[in-house]
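Undergrad: okay, predicted coordinates and the sequence, questions at the end:
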Amino acid sequence: MSAAPSDHPSDDARQPQLPSGTEADSLPTFWGLTRGDAYVVLGLALIILALAGGRFAWHAAWGRPLVRVETLTGEPVPFVVEINSATWIEFLQLDGIGETLARRIVADREANGPFASINDLARVRGIGEKLLARFRPHLKCDPKTATAPSS
């Protein structure tokens with residue numbers, strides 16, 4: 001028959017009791033860990049952080065030579081419009097020609113036939129000698145590629 005447990009600590013003979021005022025009574029605990037357990041957890045955390053830092057350093061390529069990327073110097077490719085086959089959208093790519101003028105060029109070509117030379121663009125309303133001189137390097141004329149006027 002077992003006796004009911006007592007609330008007084010000296011009644012329980014199976015639990016060792018330390019005298020009051022000893023070092024064991026004054027040990028602070030952190031999350032229920034003793035000082036020794038806390039040192040073990042701290043040591044493991046530091047080891048994990050060191051390994052994670054080493055992995056980061058490895059992937060960040062510390063100590064490796066930098067990669068040098070060589071690029072070729074490109075040559076600009078001029079945009080050239082063939083005036084007898086270009087759509088109004090292609091004319092629109094030229095700086096200074098708006099949608100209205102581009103549509104006028106195509107409408108003139110369809111109404112009056114293909115342009116025999118770049119100078120024939122002057123027959124389109126809105127194109128003068130100044131504008132023609134400005135766009136001449138970006139234009140070419142090949143009467144063979146002329147689109148037939150639509151009737």
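TA: Happy to help now that I have it.
Undergrad: pretty sure residue 82 contacts residue 140?
TA: Yes - using Cβ atoms under 8 Å, residue 82 and residue 140 qualify as a contacting pair, with a distance of 5.4 Å. Placement of C-beta: from N, CA and C, glycine included.
Undergrad: now for these two: what residues contact both?
TA: Common neighbours of residue 82 and residue 140 (criterion: Cβ atoms under 8 Å, 6 or more residues apart in numbering): none identified.
Undergrad: ranges for the strands of this structure?
TA: 81-82, 139-140 (DSSP state E).
Undergrad: for residue 124, which non-adjacent residue is spatially closest?
TA: residue 108 (4.7 Å; Cβ to Cβ, 6 or more residues apart in numbering).
Undergrad: ok, now how distant is the one you found from residue 101?
TA: With the distance defined as Cβ to Cβ, to the nearest Å, residue 108 ends up 10 Å from residue 101.
Undergrad: anything in contact with each of these two?
TA: Common neighbours of residue 108 and residue 101 (Cβ under 8 Å, 6+ apart) are residue 124.
Undergrad: distance to residue 42, mean neighbour count and mean pLDDT added to the strands of the chain, as a markdown table?
TA: Output for those, formatted as a markdown table (distance: least, Cβ to Cβ, whole Å; neighbours: other Cβ atoms under 10 Å; pLDDT from 0 to 100):
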| stretch | distance to residue 42 | mean neighbour count | mean pLDDT |
| --- | --- | --- | --- |
| strand 81-82 | 75 | 17 | 92 |
| strand 139-140 | 78 | 16 | 91 |
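Undergrad: turn the ones you listed into JSON lines, including distance to residue 133.
TA: Listed next are those as JSON lines, based on distance: least, Cβ to Cβ, whole Å:
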{"stretch": "strand 81-82", "distance to residue 133": "15"}
{"stretch": "strand 139-140", "distance to residue 133": "11"}
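Undergrad: give me the number of neighbouring residues for residue 135.
TA: 19 (other Cβ atoms under 10 Å).
Undergrad: isn't it up against residue 93?
TA: No - applying Cβ under 8 Å as the test, residue 135 and residue 93 come out as separate, 11.0 Å apart.
Undergrad: now do the domain split for the protein, please.
TA: 26-70, 81-145 (automatic domain parsing).
Undergrad: tell me how many other residues crowd residue 93.
TA: Using other Cβ under 10 Å: residue 93 sits among 12 other residues.
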